[in-house]
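Engineer: starting from these lines, generate the structure:
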Amino acid sequence: ILFMLNRYEFHPFLFSLLPILFLYQFNIHEIRADHIIVPLFTSLGIVLVSWLILRFFAGKLKSGLFLSWFLILFAVHGNIHIVLLNQQNEILQLLGRNIILGSIFLGIFITGIIYIQKIKSLPDTTSVANVMGITIVGFLSVSMLVYFIENPVDLTAAEYFNIPIILSDVENKPDVYVFILDEYAGKEQLRFDFKFDLNPFENELSKRGFFIPEKSYSNYPNTANSEPSFMNMQYLDFLTDELGPDSKDLRLNHKIKDSNNVMKIFKKNGYKITNFYAGMGATGDSLLVDKQNCNYGTINDDLRKNFVNTYVPVSYFNEYFLLTHQWEKLDCTINTILNFENDLERPDYVHAHLKLPHAPYIFDQNGERVNYPHPEDMEKSLEKVAYLDQLIFTNKKMLELIDSIQQRSPESVIMVFSDHGFRSEINFENPTNIDYVRGFNTITYLYFPDKEITLPSEIIAVNIYRIFFNEYFDANYELLEDKHFWYVKDRPFDFTLVNNNFKQEFFSET
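Structural biologist: Residues are numbered from 1 along each chain as shown. Have a look, this model is predicted:
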């Protein structure tokens, strides 16, 4: 063992894991373990190539030490940078800026390189670096293992939902296109917060045969709970009992979203299921989904964002790895659906959860590229301008997508709805009726061709698929009672049932 520690410089490969492992440990309750596999191997690959090149100039042992020194400072700088920028003290925030903190670390890096260059006992130093790498990676691994042991989660999601997975006798089942527009505010919030009239857009949809309810609401104020709820056609009350009100662990949410009942029903009824990595990841696991589109270079979106903001805090890379990547996925999704080729042997279910008009704000009203700062770095007034511009672009693009579907396949069902409202101005800790409307007010637009039906004037997200299956599969799903659950970000399962009076009180107040 001592011989290996002295002679083989495996420490840079251990240190290459640190940025990903640090981020995963800090966000272990939100990110699935399998989502860090690709980033870990990518990091290892980059370090391997760097080491193979560098060894020709600095020698085998020194090249490893140079790389390890850089990786250690890279990880430390990234985390200190984020910590300082999040402080309230302006002096600490100033110290966290790249021009100051980066200069300090650059000086430390150069000093370390000079020191390594002068080291005479390279085997001993290599041995110390190897031990350090083993110790740090081992500590992080044990820490994560302890978390999983102390926070067990039963991932057998099917038992939580008493939803029959029906096989319909209906012979001619339609193709179905679903567009979930993330953070698209409802008409009440748009009127109050943005002085924006949604009627012109809705009039265009009416001309195309869409049903537009008078009011539309989600049941939860964020995607993490809203999407698993409507994709399983059920409320998530059991999560509080299963995980506890203090838990922040979203692993079960991810599981029940990816093994959802909606796709199970479509699958059982012979549908080809297609989804898209449209900025929000793709819903549905490999057992349900037949084809995943626009998934090039895909890693967990939150992991990507956190990694870039923490370890590559330079505007150019931020734009390339986040904004351009987001633009490419949305552009790919839109163009693929515009030119979608339906399956001739079985009906299609096409599912696209578009990160629109949700940040990052990369489109102006006409779809031209813009590069607004991250919402946390924007004034609220500017963020609202950017959001509304992107919403107007979303409206234009949705009409284009709808027209293309109706022209090539007029008998197809099209469902457009959002998962929650615009949340930037919400006071989650002390919400008012206006805050409830901001969180829950959404849009729902349903195109049910060749159906003479009477739909409710108010639709809630949990019932959207129940309504569809009842109409097109002759199902008999009961429409659930109207409920809305509030919680703060740090306690996503500490649900508070909101009195439905907030809707009427909001209208009386405004």
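Engineer: now do the strands in the stretch 401-510 of the chain.
Structural biologist: Remark: strands assigned in the stretch 401-510 of the chain by DSSP state E, counting those that start in this stretch are 413-418, 444-447, 458-460, 485-486, 496-497.
Engineer: among those, which is nearest residue 27?
Structural biologist: When these are compared by CB to CB, strand 485-486 sits nearest residue 27, at 23.4 Å. Backbone N, C-alpha and C define where each C-beta goes, glycine included.
Engineer: coming back round to it: can you list the strands of the stretch 401-510 of the chain in a markdown table and add mean pLDDT?
Structural biologist: Listed next are the strands of the stretch 401-510 of the chain as a markdown table, based on pLDDT from 0 to 100:
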| stretch | mean pLDDT |
| --- | --- |
| strand 413-418 | 98 |
| strand 444-447 | 97 |
| strand 458-460 | 95 |
| strand 485-486 | 97 |
| strand 496-497 | 96 |
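Engineer: export those as JSON lines, with columns for distance to residue 42 and mean neighbour count.
Structural biologist: Shown next, in JSON lines, are the strands of the stretch 401-510 of the chain (distance: least, CB to CB, whole Å; neighbours: other CB atoms under 10 Å):
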{"stretch": "strand 413-418", "distance to residue 42": "33", "mean neighbour count": "23"}
{"stretch": "strand 444-447", "distance to residue 42": "40", "mean neighbour count": "23"}
{"stretch": "strand 458-460", "distance to residue 42": "42", "mean neighbour count": "21"}
{"stretch": "strand 485-486", "distance to residue 42": "38", "mean neighbour count": "20"}
{"stretch": "strand 496-497", "distance to residue 42": "41", "mean neighbour count": "12"}
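Engineer: would you mind putting those strands into CSV with distance to residue 148 alongside?
Structural biologist: Shown next, in CSV, are those (distance: least, CB to CB, whole Å):
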stretch, distance to residue 148
strand 413-418, 34
strand 444-447, 39
strand 458-460, 35
strand 485-486, 27
strand 496-497, 29
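Engineer: doesn't residue 66 lie inside a helix?
Structural biologist: Yes: the assignment for residue 66 by DSSP: H, G, I helix; E, B strand; the rest coil puts it in a helix.
Engineer: give the burial count for residue 56, as a bare number.
Structural biologist: Residue neighbour count, defined by other CB atoms under 10 Å, stands at 9 for residue 56.
Engineer: and the pLDDT for it?
Structural biologist: pLDDT, residue 56: 82.
Engineer: do the same with residue 481
Structural biologist: In this model, residue 481 is scored at 95, pLDDT.
Engineer: for residue 308, same thing?
Structural biologist: pLDDT for residue 308: 55.
Engineer: can you give me the helices in the stretch 1-150 of the chain?
Structural biologist: For the stretch 1-150 of the chain, applying DSSP state H, counting those that start in this stretch gives helices covering 2-7, 11-15, 18-26, 37-58, 60-85, 90-95, 103-118, 122-150.
Engineer: can you check the stretch 201-350 of the chain too?
Structural biologist: Using DSSP H, counting those that start in this stretch, the helices of the stretch 201-350 of the chain run over 223-232, 238-243, 251-258, 261-268, 301-311, 315-318, 325-338.
Engineer: return the most buried member of those helices.
Structural biologist: Highest mean neighbour count among the helices of the stretch 201-350 of the chain (mean count of other CB atoms under 10 Å): helix 223-232, with a mean of 24.
Engineer: now do it: which elements does it pack against?
Structural biologist: Using 3 or more CB pairs under 8 Å, 6 or more residues apart in numbering; DSSP states H and E, the elements in contact with helix 223-232 are helix 251-258, helix 261-268, helix 464-472.
Engineer: any chance of those helices in JSON lines with mean pLDDT as columns?
Structural biologist: Shown next, in JSON lines, are the helices and strands packed on helix 223-232 (pLDDT from 0 to 100):
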{"stretch": "helix 251-258", "mean pLDDT": "89"}
{"stretch": "helix 261-268", "mean pLDDT": "96"}
{"stretch": "helix 464-472", "mean pLDDT": "96"}
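Engineer: quick one: closest of the ones you listed to residue 209.
Structural biologist: Of all the helices and strands packed on helix 223-232, helix 464-472 sits nearest to residue 209, with 14.5 Å by CB to CB.
Engineer: tell me what that closest one is packed against?
Structural biologist: Contacts defined by 3+ CB pairs under 8 Å, 6+ apart place helix 464-472 against helix 223-232, strand 413-418, strand 444-447.
Engineer: now it: buried residues?
Structural biologist: Across helix 464-472, burial judged by 16 or more other CB atoms under 10 Å covers 464, 465, 466, 467, 468, 469, 470, 472.
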